[in-house]
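Novice: What would the 3D arrangement of this be:
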Amino acid sequence: MERFAITKAASKASPADSLISVPAGGRYSGTERSPVVAAFLWICVCYIISIHSPSGLRASITLEAKTIQWPEKPQPPIESKSIKSEFDGILVSILSLQISDLKIHLARTYGLNVSPSSSPRYSGQMSGEFIPGVLIGLSCFEPNHFLESLSEEDWNAYKLGLEKSNPLLTITLDNSNAETLITPYVFGKTFRQIAYEIKSGGRILKRREIFSFIEGKLLVITAVGEKDDVDQNWIRVDRLISEMTLIP
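Specialist: Predicted coordinates:
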């Protein structure tokens, strides 16, 4: 078998070096090979090795897929208060929520309690007998602090981040109202929705997350609880979200 060697200096050339070195006359004999030919043959050898070794050269150039994960920075606290407003001559109680620069009113309070969140993921959480066993968390992100858009690229990167963060996680729902009319009604805006389950011991926890850009900010509404509780209160959570009003 022919061997290829590159000479550092003509004075130290070995017999094998003549295979790829240039003679003094500038011409190649029948057994001599130019550096171009040697380089081509070396590329061929590398290619043959790579196609027969999946964990070899090809693995070294595998590109890492983009992932996006929920930011670790805690959410700013929510401000909430009950106010009275006149509607058709009748005073009604309205739940007023302030999340960052977003002000949201909920005309029917359904006896909900608003409290500081036990998780840094949310600015605050709502709970009550209307949605037993379920917490509704509210989060608001400045531009480029989480998802930059609801594009397929960013959305797929978020889903991949979820799956990588917890191998026991199973995505059970992934849809959007961009092309198909679905509930809930989120201020008349386009949204994406995902639901996933996580096994923990003998329990199955479930999160349902709704993402929408409101006034340039990313608003995420999350319903979380035991799987059965989230599923049984699905329509009630839809109703609560659909009745929310954005106040200019």
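Novice: Quick check, residue 109 in contact with residue 92.
Specialist: No: contact criterion C-beta atoms under 8 Å: residue 109 and residue 92 do not qualify, at 9.4 Å. Using the backbone N, CA and C atoms, a C-beta is placed for each residue, glycine as well.
Novice: who has more neighbours, the two?
Specialist: residue 109 (17 against 13; other C-beta atoms under 10 Å).
Novice: Which residues are in contact with that one?
Specialist: Going by C-beta atoms under 8 Å, 6 or more residues apart in numbering, residue 109 touches 82, 93, 94, 95.
Novice: Look up the closest residue to the first one, ignoring the ones flanking it.
Specialist: In other words, residue 82. Nearest residue to residue 82 in three dimensions, chain neighbours excluded: residue 93, at 5.5 Å (C-beta to C-beta, 6 or more residues apart in numbering).
Novice: Please identify the helix or strand for the one you found.
Specialist: strand 90-99 (DSSP states H and E).
Novice: Run through who's touching that strand.
Specialist: Contacts of strand 90-99 (C-beta under 8 Å, 6+ apart): 78-86, 103-107, 109, 112, 114, 123-124, 138-140, 219, 247.
Novice: Of those residues, which belong to helices?
Specialist: Of the positions in these, not one sits in helices, assigned by DSSP state H.
Novice: circling back: for the strand holding residue 93, C-alpha coordinates in PDB please.
Specialist: Output in PDB follows, covering the C-alpha atoms of strand 90-99 (Å, rounded to 0.1, in the frame of the first residue of the first chain):
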ATOM      1  CA  ILE A  90     -76.300  48.500  38.900                       C
ATOM      2  CA  LEU A  91     -73.100  48.500  40.900                       C
ATOM      3  CA  VAL A  92     -71.100  45.400  40.200                       C
ATOM      4  CA  SER A  93     -67.800  44.200  41.700                       C
ATOM      5  CA  ILE A  94     -64.900  43.900  39.300                       C
ATOM      6  CA  LEU A  95     -61.600  42.200  39.900                       C
ATOM      7  CA  SER A  96     -58.800  44.500  38.700                       C
ATOM      8  CA  LEU A  97     -55.400  42.900  38.000                       C
ATOM      9  CA  GLN A  98     -52.200  44.800  37.200                       C
ATOM     10  CA  ILE A  99     -49.400  42.800  35.700                       C
END
